[in-house]
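*Asks:* test case, fold it:
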Amino acid sequence: MTTAGARPPKRPGNQGLGSRPPCEAVLLDLDGTLVFSEEVHRLAWQAFFDAWGVEVTDADYAQQYMGRRPSDVIAGVPGPWTGADAQAVLSTMTAFTLEHAGSVEVVPGAAALVRRLRVKYPVSVITSAGALWAQYLLDEVLGVRHLVDVVITAEDTTTGKPSPEGYLRACTALRARPDHCLAFEDSLSGVSALVAAGVRDIVGVTTTTAAADLALAGARWTVPDLTAASVRSVSDALRSDRAAAGRNDEEETEA
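*Replies:* Here you go, the predicted structure:
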């Protein structure tokens with residue numbers, strides 16, 4: 001786990017008993033959510049499959065491999081790789097992705113969204129990728145590493161997505177309650193991890209997964225990208241929630 005030098009914004013104070021407090025922190029996936037890098041990861045996984053002489057369909061890839069750590073695949077998905085050195089596989093795949101990193105592009109609006117959110121909320125990035133890849137993307141591609149308070153990578157968790165461990169670690173580091181965080185994810189394993197962590201306000205980014213599938217997994221909203229226009233409906237809904245909570249507080253006080 002790595003942290004930024006800047007102090008995160010102060011968390012909002014307690015609200016009335018019946019209210020829903022403002023967002024306490026923002027949780028961001030990296031690959032597929034902030035950057036278009038799935039093609040690079042798909043190539044890395046394909047090289048892995050080829051080395052083992054295994055054919056994997058796109059449907060199986062989306063269900064069992066996309067958004068997951070190599071160590072979890074080796075341990076949990078039956079195949080000829082059972083018992084392989086997970087750290088060696090991660091190192092090989094990280095080297096492959098860095099070699100092909102020139103093809104990675106930023107999801108429209110991603111960097112600007114991080115800058116806007118960080119003015120009000122502490123921000124964490126939680127990824128199934130290794131630390132070197134995360135550092136490269138946040139520094140060289142997005143240019144927002146200095147704005148991210150906590151980065152959780154594959155090396156920081158015992159079990160990766162869809163386990164909630166990474167997201168729970170981020171919440172602990174940010175001193176935020178999961179059910180009062182706003183999160184952005186693009187994969188089914190990532191959305192499942194957020195749901196298991198207790199996060200309610202989940203934005204599914206449809207860069208790699210269909211909106212209907214993300215919603216079925218637990219995303220409250222789905223957006224095609226992270227531009228201000230795309231995420232406006234999310235902002236409007238959260239403001240509406242807070243307004244409704246305020247009215248409920250007033251009614252309870254009058255009662």
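*Asks:* only C-alpha atoms for contact and neighbour calcs from this point on.
*Replies:* OK.
*Asks:* how long is stretch 141-152 from one end to the other?
*Replies:* Length of stretch 141-152, first residue to last, CA to CA, to the nearest Å: 18 Å.
*Asks:* buried stuff in that stretch?
*Replies:* For stretch 141-152, the neighbour count (16 or more other CA atoms under 10 Å) marks 141-142, 144-145, 147-152 as buried.
*Asks:* for stretch 32-39, same thing?
*Replies:* Neighbour count says stretch 32-39 has 32-38 buried, by 16+ other CA under 10 Å.
*Asks:* check stretch 156-164 too.
*Replies:* Of the residues in stretch 156-164, those buried (16+ other CA under 10 Å) are 156-157, 159-164.
*Asks:* check stretch 227-245 too.
*Replies:* Neighbour counts over stretch 227-245 (16+ other CA under 10 Å) mark 227, 231, 234, 238, 242, 245 as buried.
*Asks:* quick check: the farthest pair among the buried residues of stretch 156-164?
*Replies:* Greatest spatial distance in the buried residues of stretch 156-164: 156 and 162, 14.8 Å, computed using CA to CA.
*Asks:* and residue 188, how far from residue 78?
*Replies:* In terms of CA to CA, residue 188 sits 20 Å off from residue 78.
*Asks:* would you mind telling me which of the two has the busier surroundings?
*Replies:* More crowded of residue 188 and residue 78, by other CA atoms under 10 Å: residue 188, with 27 against 9.
*Asks:* in this structure the more buried one contacts residue 213, no?
*Replies:* Yes. Look at residue 188 against residue 213 with CA atoms under 8 Å: they come within range, at 7.5 Å.
*Asks:* strands of the stretch 51-200 of the chain, residue ranges please.
*Replies:* Per DSSP state E, counting those that start in this stretch, the stretch 51-200 of the chain carries strands over the ranges 105-106, 123-126, 150-152, 181-185.
*Asks:* nearest to residue 115, out of the ones you listed?
*Replies:* Of those, nearest to residue 115 by CA to CA is strand 123-126, at 9.8 Å.
*Asks:* name the helices or strands packed onto the closest one?
*Replies:* Judged by 3 or more CA pairs under 8 Å, 6 or more residues apart in numbering; DSSP states H and E, strand 123-126 is in contact with strand 25-28, strand 150-152, helix 165-174.
*Asks:* make JSON lines from those and add mean pLDDT and distance to residue 130 to it.
*Replies:* Shown next, in JSON lines, are these (pLDDT from 0 to 100; distance: least, CA to CA, whole Å):
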{"stretch": "strand 25-28", "mean pLDDT": "98", "distance to residue 130": "15"}
{"stretch": "strand 150-152", "mean pLDDT": "98", "distance to residue 130": "9"}
{"stretch": "helix 165-174", "mean pLDDT": "98", "distance to residue 130": "13"}
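*Asks:* right, and the ones you listed - which one's nearest residue 129?
*Replies:* Counting by CA to CA, and looking across all of those, nearest comes strand 150-152 at 9.2 Å.
*Asks:* what is that closest one packed up against?
*Replies:* strand 2-3, strand 123-126, helix 165-174.
*Asks:* neighbouring strands - and their directions - for it?
*Replies:* Strand 150-152 pairs in its sheet with strand 2-3 (antiparallel), strand 123-126 (parallel), by DSSP bridges.
*Asks:* contacting residues around it?
*Replies:* Contact with strand 150-152 is made by 1-4, 123-127, 166, 169-170, 173-174, as judged by CA atoms under 8 Å, 6 or more residues apart in numbering.
*Asks:* I'm done for today, thanks for sticking with me.
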